[in-house]
Structures are given as C-alpha cells and as structure tokens.
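>>> 3D model of this:
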Amino acid sequence: MEKNQPLRDVALNFGDRISSVTEYATDVIRHGILSGRLSPGSALRQEDLAIQLSISRVPVREALRVLQKEGLANFQPRCGFTVTHFDMGDLLELAEMRYSFEVLALSKAIPHHTAATLSALDECLFSLNIAEKAKQPDERQKLHRQFHMSLYSPCGMKRLMSSIETTFDLYDCFSRIGASQLPIIQQYDIHEHGLLLGFMKDQNIEQASALLRKHIVDQAQMLIEELQKLSTCQEKVAQC
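Okay, the predicted model is just below:
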C-alpha cells in the first residue's frame, strides 16, 4: 500500500456493494478514518481522494459533507476538510452526556418493555456475542448500537432519543478512532450487557440504571488510560 494512497486497496473491496457513487465514496472514506488509515487531523483533499477512488470530485465532496455531519470530518474555510481530532476532554464530555441521557431513557423504558422487545434484545445480544468472538468489528458495532437503542426506544421520548443517538454516534466515533490506534482493546463487555438485560427483565430500575452508568464510565476510563499509555510510549520513542 502506497503511503500517499491509503484508500486505494480499500476502494477495491467496496465497489460491488454500493448503490451510488456518493455512498461508495462515503463508505470508503469512513472506513479509512475508523480503521486508522486516515489519521486524526490529516487533510482530506478532494482531488487526492477522487484519484484513489477513481471517481470525480463531486461525489467526494458530497461524501465529506456526510462525514462532517457524522462527526468524522471537520471543515475550515480556505483549509478544507480534515479528519476529526478528538481529545480526552471530548471523550469525558461525551461519556457524561451519554450516561445522563441513557440512564434517564432506560429508567423510563423499562416499565414499557414487553416479552417481545426483551426477546429481541436477547437475540441481538446473542448475535453481538458471535460478532465479538468472530472479530467482526463492523458487524459488532452495528449490533452494539442496535442493542443500546433497543434498550431505550420504549421510553417514548422522541427528543431524548434523538439526543441519545447523536451523542452515542459521536462517542462511538471517538472510541473507534482511538481503538484503531491500540493493539488490544475490549470495547464491549458482553457480560455487563447480559447483566443489564437481566435487571430489566426483573423490572429492577435502580440496579439497571446503576450498571448502565458504570458500563459507560468504565469504558470511557479504560479508553482514556490506554490512550494515555500509548501517548507516553510514543513520546519516549520520539525522544530516542
């Protein structure tokens, strides 16, 4: 893989799966960011990306606007697009927002869950466990999001759910970008998900809420500690 063309081989694997050129460009660039091929802060030059993807600049520009809305890209006049660079403060802020929103939604949702919705959560958790063991990060991420949104959706609070989805996706961008820089990181604790579902089935709002808060906070703290270790190692290498 040439250093100045980090997406060329990725693009070859996406061509047959996409329904439009813009969707194709969006998926390839998104994969490049989340996989670490495009590092935080790096420039996303439309002409370079168009050459690597063998398409015109128009769908590339549209794709970058989509990624900007997702929080993966930033735009500055006269500077263009760059890969979003998150810092530890961003992670802590998003984690606090997540547990504030999600604990509230969970407490409101638990009384409204039915046998059918709980069964669907069981199936989702089973599939998530399979994806985790099979080391399928994209499928795992999709199922992880589906599991959490299904926990909260019976709350019936549309504005709260909209805030949860936005915050969850931004936090996920950070965790996936950060995790892509680490050799080993356990992002999803299947055991805690199972315990959480058990508390819900028992209608135990207090314990379910406490566990959800712990789940989010512990995950954020783990990521911060690992990123700090990596940063320290990189600084030591740079000094040699």
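
>>> got any ranges where the protein has weak pLDDT?
1-6, 8-18, 177-188, 230-231, 233-240 (pLDDT under 70).

>>> residue ranges for the strands of it, please.
Per DSSP state E, the chain carries strands over the ranges 43-44, 73-76, 80-83.

>>> can you tell which of those strands is closest to Gln219?
The minimum distance between Gln219 and the strands of the chain falls on strand 80-83, with 22.5 Å, by CB to CB. Backbone N, C-alpha and C define where each C-beta goes, glycine included.

>>> gap between the residue most central in space within the chain and Tyr24?
Nearest residue to the geometric centre of the chain (CA atoms, centre = their mean): Asp172, 2.5 Å. Asp172 sits 22 Å away from Tyr24, going by CB to CB, to the nearest Å.

>>> now Glu206
For Glu206 relative to Tyr24 (CB to CB), the value is 48 Å.

>>> Please verify my assumption that Leu7 contacts Arg30.
No: contact criterion CB atoms under 8 Å: Leu7 and Arg30 do not qualify, at 10.5 Å.

>>> With neighbour numbers in mind, choose between these two.
When neighbours are counted by other CB atoms under 10 Å, Leu7 and Arg30 differ, and Leu7 comes out ahead with 23 against 19.

>>> Okay, buried residues for the longest helix that the chain contains please.
In the chain, taking DSSP state H as the definition, the longest helix is helix 205-239. Residues of helix 205-239 classed as buried by neighbour count (16 or more other CB atoms under 10 Å): 205, 208-209, 211-213, 215-216, 219-220, 223, 226-227.

>>> do the same with stretch 66-83
Neighbour-count burial for stretch 66-83, counted by 16+ other CB under 10 Å, picks out 66-67, 70-74, 81-83.

>>> Distance from the chain centre to it, please.
Relative to its chain's centre, stretch 66-83 lies at 17 Å (CA atoms, centre = their mean, to the nearest Å).

>>> swap in stretch 59-66?
Taking mean C-alpha positions (CA atoms, centre = their mean), stretch 59-66 and its chain are 19 Å apart.

>>> hang on, the earlier thing: dump the strands of the chain to TSV, plus distance to Phe147.
Formatted as TSV, the strands of the chain follow (distance: least, CB to CB, whole Å):
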stretch	distance to Phe147
strand 43-44	31
strand 73-76	27
strand 80-83	28
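
>>> Can you get me a residue count around Ser127?
16.

>>> For it, which residues are in contact?
Residues in contact with Ser127 (CB atoms under 8 Å, 6 or more residues apart in numbering) are Leu143.

>>> With Leu211 as the reference, measure out to it.
21 Å.

>>> Ok, Ala134 next?
26 Å.

>>> cool, and Ser42?
In terms of CB to CB, Ser42 sits 38 Å off from Leu211.

>>> Would you enumerate the residues in contact with the nearest residue to Leu125 once chain neighbours are set aside?
Nearest residue to Leu125 in three dimensions, chain neighbours excluded: His193, at 5.6 Å (CB to CB, 6 or more residues apart in numbering). Applying CB under 8 Å, 6+ apart, we find His193 in contact with 125, 128, 147, 215.
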